[in-house]
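J.: Build me a structure from this.
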Amino acid sequence: MIPEIGHFLLVLALFVSVTLGVLGLVGAQRNQPAWIGLAKPATRALGLTVLGAFACLAWSFYANDFTVQYVAQHSNSRLPTPYRIAATWGGHEGSLLLWVLMLTSWMAAVSFLSRQLSDAMVARVLGVLGLVTTGFLLFTLVTSNPFTRLVPGAPDGNDLNPLLQDFGLIIHPPMLYMGYVGFSIPFAFAMAALLSNRLDAAWARWSRPWTVAAWIFLTLGIALGSWWAYYELGWGGWWFWDPVENASFLPWLVGTALVHSLAVTEKRGLFRQWTLVLAITAFSLSLLGTFLVRSGVLTSVHAFATDPKRGVFILVFLAVVVGSSLTLYAMRAGKLKSVGGFELASRETFLLANNVLLATAAGTVLLGTLYPLFVDALNLGKLSVGPPYFNAVFAPLMVPALLLMAVGPWLKWRSDGVGTVLKRLKWEAMAAVVLGAALPFAMGPWSPLVALGLACALWIIFTAATHIWRQVRGNGRFRGGPASLWGMHLAHVGMAVTVIGITMVKGYEEEKDVRMAIGDTVAVGGYEFRMDGVKREPGPNYMADVGQVQLMKDGRVLRTLKPEKRKYFSSEMPMTEAAIDTGITRDVYVSLGERLEGNAWSVRVYYKPFVDWIWGGCLLMGLGGMVTALDRRYRRTQAARVPAGAAGANA
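T.: Coordinates of the predicted model:
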């Protein structure tokens with residue numbers, strides 16, 4: 001009975017989303033107060049119906065209802081309860097329902113937290129989101145219904161993919177989807193601005209905190225995915241340029257450019273065309289990522305589906321969304337004339353250059369991701385584009401972006417003297433160059449790439465610290481300046497910390513793949529690893545071979561590492577669970593391979609200097625975004641807002 005209720009709620013949600021789209025858009029365009037007034041209640045009703053459907057699916061997993069086909073495919077009676085609940089989004093159908101739940105959650109948040117906006121504008125935004133929700137609900141009901149019955153019911157389930165039986169499944173997909181789906185909000189604001197012909201700076205201020213919030217979730221979601229792959233897959237890698245990884249990275253790059261472009265549009269009323277295109281592109285790339293993950297065109301440990309019919313549906317939906325939004329943009333583009341101007345030496349120029357670099361980087365990643373698919377579709381053979389291509393084209397674009405990132409906050413709006421600013425920052429530049437060149441000698445062989453990466457990161461940190469110090473000294477207190485200023489510097493420092501982590505681990509990581517019997521030792525990164533044995537231990541739904549590896553330094557035992565090789569009862573697929581000793585400046589990592597002759601094992605040992613700084617920097621970036629989104633300027637009532645023209649004049 002519960003699955004039938006869930007299916008009914010999805011059908012009801014489809015009806016509500018269509019009604020919301022029609023009432024919101026038509027009512028706002030025709031200025032029908034009654035229709036406009038129904039937009040918020042309809043949005044909240046839509047959220048409740050989708051939440052109810054999701055709860056029905058989660059209950060089916062909790063209750064081991066193997067008469068539901070999706071539950072039988074992705075759960076098992078021996079599956080621990082936390083993973084059984086998380087298995088709700090462990091497959092294609094449930095993850096798609098999670099996507100819709102996240103979308104309606106964003107919509108509900110807009111309906112509750114946009115009291116400063118006119119009802120007509122909110123109705124347009126919610127109407128656009130209602131139509132987007134309609135597309136995803138149709139996709140769910142037509143091709144991916146999670147409530148399809150299995151007749152007769154299975155005695156037990158196939159079990160959840162062993163790769164997903166991890167804490168990462170509980171937190172990573174919801175966080176990543178909140179970021180993916182969150183970019184629908186600036187997209188909807190952009191469409192509402194175009195529909196209303198209100199193309200001033202006000203819509204940028206309205207959508208900026210929502211864009212930053214989506215960017216925060218996507219940043220943390222990508223970081224969590226990288227960390228999960230690092231410790232779960234047993235390869236010791238944190239980023240593989242996998243096509244599905246790229247599918248999340250693309251909207252992040254464009255979303256980062258959008259955050260900066262919105263700042264210029266809000267402050268100065270400039271870059272309006274650029275900002276609108278970025279808003280459309282960020283959400284379009286989120287939809288493209290959905291297509292890549294769920295169409296079956298990719299083979300990846302991250303991909304969900306292999307049904308081409310689903311891919312065709314998403315591709316058509318993507319074409320409709322992108323085509324209609326670009327058509328509307330083209331119809332209104334003639335009215336998007338910039339107010340005012342700026343000199344070559346100005347903050348606007350540096351932000352524009354940074355955005356061009358980010359957009360170009362996104363283009364190179366998109367090309368490397370899609371080109372093999374086009375070659376395969378044209379029957380021109382199989383082609384693989386891997387890390388050598390991405391590293392060769394991506395890093396050269398990021399170096400100037402990092403250099404500009406440090407200087408941009410020091411420049412004034414409209415016009416400034418770059419020479420004056422650089423002269424003011426000469427000591428920071430000298431310190432970054434000297435320390436960047438000297439620090440690699442302390443780690444090992446000197447490398448120009450390591451020196452360059454460290455110099456860029458230290459350049460950002462030193463200039464941010466100096467800017468903060470001047471701000472504090474000028475205001476006489478730590479709280480001087482708007483929250484967005486502090487958030488900007490915190491995010492920039494987070495990026496620098498991530499760059500340090502990437503630079504050091506790529507430059508000085510060590511790896512050995514060895515045969516180890518009891519009593520054997522191997523040395524990596526100044527540490528010794530001694531194999532003391534392997535014993536069998538049962539798990540809730542698996543049997544594991546657990547290694548006993550002593551981690552030693554200078555003859556002293558630091559701790560016992562216990563890497564595992566698991567075999568799940570419902571699957572013959574062996575799974576590796578690495579053992580990691582984490583420190584502030586390094587990780588040491590042990591992964592147990594296959595059993596060999598003579599009671600020996602294949603073992604991989606890794607030394608990863610500063611690898612945790614990669615994710616620590618991402619946390620700082622997310623924290624910086626939170627501080628920015630909480631800026632009290634975005635919570636003022638509409639009546640208290642400065643008109644767009646005055647905002648540009650006084651910025």
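
J.: Three-state assignment for residue 413, please.
T.: At residue 413 the chain is in coil, as set by DSSP: H, G, I helix; E, B strand; the rest coil.

J.: if I pick it, what's in contact with it?
T.: If a contact means C-beta atoms under 8 Å, 6 or more residues apart in numbering, then residue 413 has 267, 268, 342, 346, 347, 348, 651 as its contacts. (Each C-beta comes from the backbone N, C-alpha and C, glycine too.)

J.: again, but for residue 603
T.: 513-516, 522, 529, 531, 547, 549, 563, 590-593.

J.: Mind checking which of the residues you listed are in strands?
T.: Among the contacts of residue 603, the members falling in strands (DSSP state E) are 513-516, 522, 529, 531, 547, 549, 590-593.

J.: Which of those has the largest number of neighbours?
T.: Counting neighbours by other C-beta atoms under 10 Å, residue 592 leads the ones in strands among the contacts of residue 603 with 29 neighbours.

J.: shouldn't that one be in contact with residue 576?
T.: Yes: the pair residue 592 / residue 576 is scored as a contact, 6.5 Å apart, by C-beta atoms under 8 Å.

J.: so what sits against both of those two?
T.: 563, 564, 565.

J.: would residue 543 count as being in a helix?
T.: No: Residue 543 is assigned strand when assessed by three-state DSSP, not a helix.

J.: beta partners for it?
T.: Residue 543 forms beta bridges with residue 538, residue 567, as assigned by DSSP bridges.

J.: burial measure for residue 30, as a count.
T.: With neighbours defined by other C-beta under 10 Å, the count for residue 30 comes to 9.

J.: Next one, pLDDT for it please.
T.: Looking at residue 30, its pLDDT reads 89.

J.: can you check residue 209 too?
T.: 92.

J.: Help me confirm that it comes into contact with residue 627.
T.: No: applying C-beta under 8 Å, one finds residue 209 not in contact with residue 627, separated by 11.5 Å.

J.: I'd like to know which of the contacts of residue 603 is nearest to residue 82.
T.: Nearest to residue 82, judged by C-beta to C-beta, of these is residue 563 at 22.5 Å.

J.: how many neighbours does that closest one have?
T.: Neighbour tally, residue 563, other C-beta under 10 Å: 26.

J.: where are the low-confidence patches of the stretch 51-200 of the chain?
T.: Judged against pLDDT under 70, the stretch 51-200 of the chain has no low-scoring part.

J.: mind listing the helices for it?
T.: Remark: helices assigned in the stretch 51-200 of the chain by DSSP state H, counting those that start in this stretch are 69-74, 81-86, 92-113, 119-143, 167-182, 184-196.

J.: From the contact counts, what lies against the second one?
T.: By that I understand helix 81-86. Counting contacts by 3 or more C-beta pairs under 8 Å, 6 or more residues apart in numbering; DSSP states H and E, helix 81-86 is packed against helix 39-62, helix 167-182.

J.: Make JSON lines from these and add mean neighbour count and distance to residue 248 to it.
T.: Output for the helices and strands packed on helix 81-86, formatted as JSON lines (neighbours: other C-beta atoms under 10 Å; distance: least, C-beta to C-beta, whole Å):
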{"stretch": "helix 39-62", "mean neighbour count": "21", "distance to residue 248": "22"}
{"stretch": "helix 167-182", "mean neighbour count": "21", "distance to residue 248": "6"}
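
J.: Output those as a markdown table; include the columns distance to residue 203.
T.: Formatted as a markdown table, those follow (distance: least, C-beta to C-beta, whole Å):
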| stretch | distance to residue 203 |
| --- | --- |
| helix 39-62 | 17 |
| helix 167-182 | 17 |
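
J.: Between these, which one is closest to residue 332.
T.: It is, among the helices and strands packed on helix 81-86 and with distance given as C-beta to C-beta, helix 39-62, at 22.2 Å.

J.: for that closest one, the distance to its chain's centre please.
T.: 24 Å (C-alpha atoms, centre = their mean, to the nearest Å).

J.: ok, how many other residues are close to the closest residue in space to residue 444 that isn't next to it in sequence?
T.: Leaving aside its chain neighbours, residue 444 sits nearest to residue 508 (5.3 Å; criterion: C-beta to C-beta, 6 or more residues apart in numbering). Neighbourhood size, residue 508 [other C-beta under 10 Å]: 19.

J.: low-confidence ranges in the protein?
T.: Within the chain, the stretches with pLDDT under 70 are 294-308, 336-340, 474-481, 634-651.

J.: What segments of it are strands?
T.: 510-516, 521-524, 527-538, 542-553, 556-561, 564-568, 574-577, 579-582, 586-596, 600-609.

J.: closest to residue 156 out of these?
T.: Among the strands of the chain, the nearest to residue 156 by C-beta to C-beta is strand 564-568 (13.2 Å).

J.: on contacts alone, who are the packing partners of that closest one?
T.: Packing partners of strand 564-568 (3+ C-beta pairs under 8 Å, 6+ apart): strand 542-553, strand 574-577, strand 586-596.

J.: Can you point out the buried residues in it?
T.: Neighbour counts over strand 564-568 (16 or more other C-beta atoms under 10 Å) mark 564, 565, 566, 568 as buried.

J.: And the contacts of that strand?
T.: Here strand 564-568 has contacts from 159, 162, 165, 539, 541-547, 573-577, 579, 592-594, using C-beta under 8 Å, 6+ apart.

J.: of those residues, buried ones?
T.: Neighbour counting by 16+ other C-beta under 10 Å classes 159, 162, 165, 539, 541-542, 544-547, 574-577, 579, 592-593 among the contacts of strand 564-568 as buried.

J.: how about the nearest residue to residue 9 once chain neighbours are set aside, what does it touch?
T.: Excluding the flanking residues, the one nearest residue 9 by C-beta to C-beta, 6+ apart is residue 53, at 4.0 Å. Contact analysis of residue 53 by C-beta under 8 Å, 6+ apart lists 6, 7, 9, 10, 13, 97.

J.: Can you tell me which of the buried residues of strand 564-568 is closest to residue 18?
T.: Nearest to residue 18, judged by C-beta to C-beta, of those is residue 568 at 43.1 Å.

J.: Could you report the separation of that closest one from residue 534?
T.: Computed as C-beta to C-beta, to the nearest Å, the residue 568 to residue 534 distance reads 18 Å.

J.: Closest to residue 74 out of the buried residues of strand 564-568?
T.: Once C-beta to C-beta is applied, the member of the buried residues of strand 564-568 that ends up nearest residue 74 is residue 568, at 13.5 Å.
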